[in-house]
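K.L.:
predicted model and sequence below, questions to follow.
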Amino acid sequence: MYKSTELSFYKSQLVILVMVFSVFKSFGQESKGIIRHNIPLDSIRLSDPAILADQKTQTYYMTGTGGKLWKSKDLKLWSGPYDVAETNPKSWMGPNPMIWAAELHEYKNKYYYFATFTNREVKIDTFRNNVIERRACHVLVSDQPDGPYKPMKDDIYLPANMPTLDGTLWIENGTPYLVYCHEWLQNWDGTIEKKQLKSDLSGTKGKAKILFRASDSPWSKETNSRGDEVPNKVTDGPWLFKTQTGKLGMLWTSWIFGDYTQGVAYSESGTLDGPWIQESKPITPPNYGHGMLFRTFEGKLLMSVHSHWVDNDGQYVRIPRLFEVDDSGDKIKLMTTN
């Protein structure tokens with residue numbers, strides 16, 4: 001029989017998985033093909049909100065987990081959700097993949113949809129009693145910011161036997177890279193890694209490199225099966241940025257026991273290769289995370305995150321939230337709630 005601390009540990013892992021699926025349940029209940037208009041931001045339920053401020057159309061486009069798109073002219077009132085992602089049902093994703101943590105990026109006059117796709121019918125591994133489904137980062141393309149986003153040449157961007165998630169784009173010295181997480185369920189110490197993209201982002205090339213591991217963080221914590229305080233295993237939501245002084249940083253999210261929380265790391269070399277030095281404390285309050293940065297049309301730098309809390313029915317609720325950010329120094333600072 002398990003000791004009480006062991007039971008507590010395994011229950012905590014189960015809670016994380018239950019939270020993920022409850023998010024999709026609440027998202028799916030929000031709309032069923034109905035487009036709504038003039039919806040306040042705090043009335044939208046959405047995990048991993050990523051906002052593209054498109055200069056050409058002077059419109060903000062927000063996407064995230066669930067694969068939908070919202071549009072706004074002022075960041076306050078939104079229209080949506082629109083279906084924008086088109087996948088190949090004959091590919092490894094299957095006919096109805098789950099879509100997590102989508103992002104929109106403009107690159108060389110096209111728009112790219114970076115997202116995590118999961119085919120729950122395909123199992124790729126079992127590790128410590130975790131049955132791991134086929135999950136990977138992938139990129140779609142469109143000529144317009146509101147899609148439709150369609151597959152490109154390569155069917156696979158990352159190894160088929162490796163669960164990856166939360167892919168994002170970073171350009172370094174003119175070379176595009178896919179920065180992503182290798183999920184903790186398989187390696188028990190989640191990593192953030194990079195792999196070079198082809199010049200048109202239609203696939204990847206070369207070898208991947210680990211940038212850092214979840215255990216490198218001094219602030220993310222959990223309790224193990226023996227009741228000891230140890231580093232948390234989760235890496236979520238990498239987002240690269242440079243401050244106005246040219247300092248390269250990365251937002252990423254993990255847990256402090258039961259609180260979903262976002263931290264920051266900075267590269268000593270100023271490149272993806274690092275070494276990456278973790279800040280000693282998280283940048284967001286407890287239960288805010290999976291953030292990204294964008295600049296408004298008026299020039300204000302904002303961080304988009306989702307809140308994380310439990311409602312009276314026990315459902316985990318995630319709502320987009322904007323924080324103003326100061327990037328004038330070598331390190332970003334969280335200012336006010338927008």
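P.N.:
Cool, got the structure. Numbering: from 1, shown residues only.

K.L.:
low-confidence regions, the stretch 1-150 of the chain specifically.
P.N.:
Along the stretch 1-150 of the chain, the model assigns pLDDT under 70 to residues 1-32.

K.L.:
repeat for the stretch 201-338 of the chain
P.N.:
In the stretch 201-338 of the chain (pLDDT under 70), the answer is 337-338.

K.L.:
any chance you could map the helices in the stretch 51-200 of the chain?
P.N.:
Under the criterion DSSP state H, counting those that start in this stretch, the stretch 51-200 of the chain carries helices at the ranges 184-187.

K.L.:
centroid residue for the chain?
P.N.:
Centroid check for the chain by Cα atoms, centre = their mean gives Gly237 as the closest residue, at 3.3 Å.

K.L.:
ok, now how distant is the nearest residue to that residue once chain neighbours are set aside from Leu251?
P.N.:
Leaving aside its chain neighbours, Gly237 sits nearest to His290 (3.8 Å; criterion: Cβ to Cβ, 6 or more residues apart in numbering). Where you see a C-beta, it was placed from the backbone N, CA and C, and this is true even at glycine. Per Cβ to Cβ, to the nearest Å, His290 is found 9 Å from Leu251.

K.L.:
mind listing what the residue nearest to Gly237 touches?
P.N.:
By Cβ atoms under 8 Å, 6 or more residues apart in numbering, the contact list for His290 reads 47-48, 101, 166, 236-237, 253, 262, 305-306.

K.L.:
re earlier: what's in contact with the helix or strand the residue nearest to the centre of the chain falls within?
P.N.:
Gly237 is part of strand 236-242 when elements are defined by DSSP states H and E. Residues outside strand 236-242 that contact it (Cβ under 8 Å, 6+ apart) are 48, 101, 165-166, 168, 170, 179-181, 190, 192, 248-254, 262, 272, 289-293, 327, 332.

K.L.:
how about a cut-off of 6 Å?
P.N.:
The contact list for strand 236-242 (Cβ atoms under 6 Å, 6 or more residues apart in numbering) reads 166, 168, 170, 179, 192, 248-253, 290, 292-293.

K.L.:
can you select the buried ones among the residues you listed for me in ChimeraX?
P.N.:
To isolate the buried members of those in ChimeraX, using 16 or more other Cβ atoms under 10 Å:
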select :166,168,170,179,192,248,249,250,251,252,253,290,292,293
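
K.L.:
okay, the contacts of strand 236-242 in a markdown table with distance to Tyr61 next?
P.N.:
Shown next, in a markdown table, are those (distance: Cβ to Cβ, whole Å):
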| residue | distance to Tyr61 |
| --- | --- |
| Asp166 | 19 |
| Thr168 | 16 |
| Trp170 | 20 |
| Val179 | 21 |
| Ile192 | 25 |
| Leu248 | 26 |
| Gly249 | 24 |
| Met250 | 23 |
| Leu251 | 20 |
| Trp252 | 23 |
| Thr253 | 22 |
| His290 | 17 |
| Met292 | 13 |
| Leu293 | 15 |
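
K.L.:
between the contacts of strand 236-242, which is nearest Gly94?
P.N.:
Asp166 (20.3 Å; Cβ to Cβ).

K.L.:
so that closest one versus Leu251, what's the distance?
P.N.:
Noted for Asp166: a distance of 11 Å to Leu251, by Cβ to Cβ.

K.L.:
same check, this time on Met335
P.N.:
Distance, Met335 to Leu251, using Cβ to Cβ: 15 Å.

K.L.:
sorry, back to before: filter the contacts of His290 down to the buried ones.
P.N.:
Neighbour-count burial (16+ other Cβ under 10 Å) applied to the contacts of His290 gives 47-48, 101, 166, 236-237, 253, 262, 305-306.

K.L.:
how deep is Ile171 tucked in, by neighbour count?
P.N.:
Burial of Ile171 is recorded as 12 neighbouring residues (other Cβ atoms under 10 Å).

K.L.:
beta partners of it?
P.N.:
Here Ile171 sits in beta bridges with Pro176, as judged by DSSP bridges.

K.L.:
measure it to Asp48 for me?
P.N.:
For Ile171, the distance to Asp48 - Cβ to Cβ - is 21 Å.

K.L.:
which strand is the longest one in this structure?
P.N.:
With secondary structure taken from DSSP state E, the chain has its longest strand at strand 110-127.

K.L.:
would CSV of the contacts of His290 with distance to Ala115 be doable?
P.N.:
What follows is these, written out as CSV (distance: Cβ to Cβ, whole Å):
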residue, distance to Ala115
Ser47, 12
Asp48, 10
Ala101, 6
Asp166, 9
Asp236, 14
Gly237, 12
Thr253, 17
Gln262, 20
Val305, 18
His306, 16
